[in-house]
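In: I'd like to go over a predicted model; first the sequence, then the structure.
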Amino acid sequence: MQHLLHIGGIEREERHLDIEDRAVLILHGVEAVHRTVRRRQRARVFEPVTVYEACRCSRERVLSMLRGFAPADRQAMIADDGKLGVTCEFCSRRYSFDPAEVEEGQAAGQ
């Protein structure tokens with residue numbers, strides 16, 4: 001996915017920002033704060049929070065997702081090795097299922 005930023009009337013791809021572009025972005029942020037103060041608008045400052053990446057995928061979640069597909073769709077997903085394979089797009093963890101295991105849960109109403 002391409003991210004474009006509008007900087008000083010010029011659109012630039014986000015990953016190709018040079019030092020001047022970054023300075024312009026910072027100045028725009030400072031100017032926004034000054035406008036808020038000049039207009040006597042209430043500016044709220046929040047406590048910092050720690051941001052982290054964590055994947056919540058699990059074998060059970062992937063299995064549940066696979067069971068949500070129609071049987072014909074699941075059949076089409078079976079690879080040459082006879083397994084249903086899923087790779088998490090977030091953490092790249094690979095899951096492999098026997099088609100009978102997926103169907104087993106369907107018959108039990110899971």
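Out: Yep, it's here.

In: where does this structure dip in pLDDT?
Out: The model of the chain has pLDDT under 70 over residues 1-19, 21-22, 24-25, 33-34, 36-37, 39-43, 105-110.

In: what about the helices in it?
Out: Secondary structure of the chain (DSSP state H): helices located at 19-38, 59-67, 71-77, 99-107.

In: right, and those helices - which one's nearest Arg93?
Out: Shortest distance between Arg93 and the helices of the chain, using Cβ to Cβ, is found for helix 59-67: 8.9 Å. Any C-beta I mention is one placed from the backbone N, CA and C, and that applies to glycine too.

In: Determine the set of other helices and strands touching the closest one.
Out: Applying 3 or more Cβ pairs under 8 Å, 6 or more residues apart in numbering; DSSP states H and E, one finds that helix 59-67 contacts strand 84-87, strand 94-97, helix 99-107.

In: Any chance of the helices of the chain in CSV with mean neighbour count and distance to Ser92 as columns?
Out: Shown next, in CSV, are those (neighbours: other Cβ atoms under 10 Å; distance: least, Cβ to Cβ, whole Å):
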stretch, mean neighbour count, distance to Ser92
helix 19-38, 11, 30
helix 59-67, 15, 13
helix 71-77, 12, 19
helix 99-107, 13, 21
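
In: Adding distance to Arg93, write the ones you listed out as a markdown table.
Out: Compiled in a markdown table, the helices of the chain are given as follows (distance: least, Cβ to Cβ, whole Å):
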| stretch | distance to Arg93 |
| --- | --- |
| helix 19-38 | 34 |
| helix 59-67 | 9 |
| helix 71-77 | 17 |
| helix 99-107 | 17 |
